[in-house]
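Undergrad: What follows is a protein structure lacking sequence information:
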């Protein structure tokens, strides 16, 4: 088993701190307003207003719980560690591994996911990579792992030993040079 960190870049630390601060402030203000004597205390609107701080905090906890916290390579799989629902990528399905060139994600758009609070994760699309699933905590040292069914962009630290480890354990995987025109076409 090989473990790799999910090192946070400075901009992620700042955006996460802002997210946590604003979320906490929003929950506190809403809770304070819900307890004011002039706030109606009957009916569905009052119930929803009173539940709003709980929903705000629950959303923040869910964003944290789905964020990548590390990467692990075991005998048969790559695991994206996260507090809730870790992602498992079977090594037998890995076809290509590539250390992405700087700027490879330029112009990528988020289809479903989050960026800036605890990490960058979910489904994305770019012209160069096509559709992919990203689990990253920084924008440099990214690794693309292409399987039979999906493409993943990960941010293991350190990246190069991660690539070597995947190649040594995934029998059908091949290394793709950064920016290679021989990489799989986007899906």
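TA: Everything's here; your move. Source: prediction; values computed, not measured.
Undergrad: Name the SS class of the residue nearest the centre of the chain, please.
TA: What sits nearest the mean C-alpha location of the chain, by Cα atoms, centre = their mean, is residue 121, with 2.3 Å. Here residue 121 is recorded as strand under DSSP: H, G, I helix; E, B strand; the rest coil.
Undergrad: Run through the residues that contact it.
TA: 66, 67, 68, 113, 114, 133, 134, 135, 136 (Cβ atoms under 8 Å, 6 or more residues apart in numbering). C-beta: built from backbone N, CA, C; applies to glycine.
Undergrad: Pull up the gap between the last one and residue 130, please.
TA: Between residue 136 and residue 130 the computed distance is 17 Å (Cβ to Cβ, to the nearest Å).
Undergrad: Looking at the two, which is more packed in?
TA: Taking other Cβ atoms under 10 Å, residue 136 and residue 130 do not tie; residue 136 has more neighbours (26 against 14).
Undergrad: mind checking how far the more buried one is from residue 114?
TA: To residue 114, residue 136 is 11 Å away according to Cβ to Cβ.
Undergrad: cool, residue 159 as well?
TA: Taken as Cβ to Cβ, the span from residue 159 to residue 114 is 22 Å.
Undergrad: And the two? Which one has more around it.
TA: Shown here are residue 159 and residue 114; by other Cβ under 10 Å, residue 159 has more neighbours (19 against 16).
Undergrad: thinking again about what came up before, find the residues that touch each one of residue 136 and residue 114.
TA: 120, 121.
Undergrad: Right, I'll leave it there.
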